[in-house]
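Q: Give me a 3D structure for the following:
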Amino acid sequence: MSLLGPLAAASAVAWAYLLVGHGGFWLTSARLPAGPPEPTRWPSVGVVVPARDEAAVLVETLPTLLTQRYPGELAVWLVDDDSSDGTAELAGTLADHACGRASLTVLAASPPPPGWTGKLNAVQHGVEAASAAGVELLLFTDADIAHHPASVRRLVAAALVDNRDLVSLMALLRTQTGWERIVVPAFVYFFAQLYPFPRVARHGGRTAAAAGGCVLLRRSALEHAGGLTSIRGELIDDVALGRLLKRCGARIWLGFTGDPPEVRSVRPYPRLAGLWNMVTRTAYTQLRHSPVLLVGTLASLGLLYVVPPVTGLIGLATRSPVPAAAGLGAWATMALTQTPVLRLYGLSPLRGFTLPAVATLYAAMTMDSARRHAMGHGGAWKGRLPTAGCTRSAGSPRW
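A: Numbering: from 1, shown residues only. Predicted coordinates:
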């Protein structure tokens with residue numbers, strides 16, 4: 001019982017720092033400008049969509065790219081990564097029925113060479129084709145991402161007006177099922193806590209990241225940084241891409257999607273198993289496969305998310321003012337900081353008080369990720385294990 005006060009106080013101090021000193025990570029005000037000045041000339045854009053067994057979602061997403069209201073030249077390259085569900089054939093059919101200005105080219109990716117992830121190998125095929133066509137800007141977007149009709153126009157205008165080499169949007173994820181409403185807002189919240197968006201946008205700062213569902217970048221900046229070859233083995237490629245460009249002096253920006261959303265994911269996760277696999281695929285990779293970092297992460301989760309309600313409630317029950325005030329104050333601060341993300345998803349701010357339970361669930365996912373790595377199953381996705389050398393990364397699981 002003598003530890004209750006110090007633990008509660010330590011947690012309260014940590015939350016006070018996170019609230020006021022951690023780059024405003026909990027705010028969702030990083031959005032594309034509402035009406036940026038438009039350029040006199042719109043640069044050409046090449047959209048690269050890697051797709052592996054994505055027929056179920058392409059019907060809803062690919063037409064939103066082909067019918068973009070973009071004033072400049074817009075071309076889409078969908079790279080079929082050895083799909084077995086007719087992804088390539090469906091893409092061609094959808095293009096035939098679309099009434100947009102954008103062209104579509106369907107490519108077949110060769111098997112990933114040693115050291116390449118499947119996704120980055122597929123994206124590289126698209127980059128090579130877009131580069132051969134001479135496009136000025138590249139837009140990397142996932143096959144499950146649906147775009148607002150003006151999303152490309154707004155992304156390009158924002159990049160040009162602020163002279164950014166990379167502009168990325170965190171897509172609005174689905175929250176239609178019970179498990180999605182529990183896990184998804186916490187996923188977005190934890191991602192922003194790891195990579196505060198205002199710090200990502202700070203030129204010369206160390207924090208760098210991107211959200212793989214929507215990344216617009218200058219082709220010249222990617223080439224200057226060494227191209228995708230430089231990050232070919234990264235399992236969490238979006239953060240690696242942001243880091244690569246920022247290290248080379250690029251100006252990058254990461255923000256939340258607006259209202260209505262410029263980009264949204266249509267991929268369903270009706271059961272916990274799908275969300276569990278999404279997180280466990282890369283959670284231990286994010287910790288660089290380090291048992292020391294694993295223990296430290298679990299301890300940090302405990303201090304930040306478990307200690308506040310436990311010490312606060314015990315302090316109330318035992319009429320101990322210090323643990324009660326510090327623990328309940330930290331718990332309330334925790335809930336307060338998740339409120340903007342919950343509102344972004346149209347959910348009640350009261351859900352923030354359940355964050356300790358959700359964080360405990362994430363801790364279990366992280367431990368399971370370490371277990372899978374020890375058993376040789378780490379990084380498996382859609383039936384494919386990463387090739388040799390695909391072990392480095394830190395960031396958000398997107399493939």
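
Q: drop to CA atoms for contacts and neighbour counts, all remaining ones
A: OK.

Q: For residue 110, which residues are in contact?
A: Going by CA atoms under 8 Å, 6 or more residues apart in numbering, residue 110 touches 81, 82, 122.

Q: Which secondary structure state does the last one sit in?
A: Using DSSP: H, G, I helix; E, B strand; the rest coil, the secondary structure recorded for residue 122 is helix.

Q: thinking residue 54 is in contact with residue 143, fair?
A: Yes. Using CA atoms under 8 Å, residue 54 is in contact with residue 143, at 6.6 Å.

Q: quick one on the thing from earlier: of all the contacts of residue 110, the one with the weakest confidence?
A: Least confident by pLDDT among those: that is residue 82, with 92.

Q: Surely that residue touches residue 88?
A: No. Counting by CA under 8 Å, residue 82 does not reach residue 88; the two are 9.3 Å apart.

Q: out of the two, which sits in the more crowded spot?
A: Higher neighbour count among residue 82 and residue 88: residue 88, with 25 against 18, using other CA atoms under 10 Å.

Q: Now the more buried one: phi and psi?
A: phi -60, psi -40 (degrees, to the nearest 10).

Q: ok, now how distant is it from residue 111?
A: 16 Å (CA to CA, to the nearest Å).

Q: Please enumerate the strands of the protein.
A: Here the chain has its strands, by DSSP state E, at 45-51, 74-80, 103-108, 137-141, 145-147, 166-170, 214-218, 252-256, 263-265.

Q: what sits up against the third one?
A: When contacts are defined by CA under 8 Å, 6+ apart, strand 103-108 is touched by residues 66, 74-82, 88, 91-92, 95, 125-126.

Q: Check the last one too.
A: Identification of contacts with strand 263-265 by CA under 8 Å, 6+ apart yields 144-148, 151, 169-174, 214, 257.

Q: mean confidence for that strand?
A: 98.

Q: How far does it sit from its chain's centre?
A: The chain centroid and the centroid of strand 263-265 are separated by 11 Å, computed with CA atoms, centre = their mean, to the nearest Å.

Q: Over to the first one?
A: Relative to the chain's own centre, strand 45-51 is displaced by 17 Å; criterion: CA atoms, centre = their mean.

Q: May I see the buried residues of the lengthiest helix in the chain?
A: Secondary structure of the chain per DSSP state H: the longest helix is helix 321-344. Using 16 or more other CA atoms under 10 Å as the test for burial, helix 321-344 gives 322-342.

Q: Also stretch 53-63?
A: Residues of stretch 53-63 classed as buried by neighbour count (16+ other CA under 10 Å): 53, 54, 55, 56, 57, 58, 59, 60, 61, 62, 63.

Q: Quick one: those residues as CSV, columns for pLDDT and distance to residue 230 too.
A: Shown next, in CSV, are these (pLDDT from 0 to 100; distance: CA to CA, whole Å):
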residue, pLDDT, distance to residue 230
53, 96, 26
54, 96, 27
55, 97, 30
56, 96, 32
57, 97, 30
58, 97, 29
59, 96, 33
60, 97, 33
61, 97, 29
62, 97, 29
63, 96, 32
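
Q: And those, which is closest to residue 207?
A: The closest of these to residue 207 turns out to be residue 61 (CA to CA; 31.0 Å).

Q: quick one: the closest one and residue 95, what's the gap?
A: Taking CA to CA, one finds residue 61 at 12 Å from residue 95.

Q: for residue 267, same thing?
A: Distance of residue 267 to residue 95, computed by CA to CA: 21 Å.

Q: what about those two, which has more around it?
A: Legend: neighbour count by other CA under 10 Å for residue 267 and residue 95, higher for residue 95 (19 against 15).

Q: Quickly list what the residue lying closest to the more buried one once chain neighbours are set aside is bridged to.
A: Sequence neighbours aside, residue 104 is the residue nearest to residue 95 in space, at 6.6 Å (criterion: CA to CA, 6 or more residues apart in numbering). Applying DSSP bridges to residue 104 yields these beta-bridge partners: residue 76.
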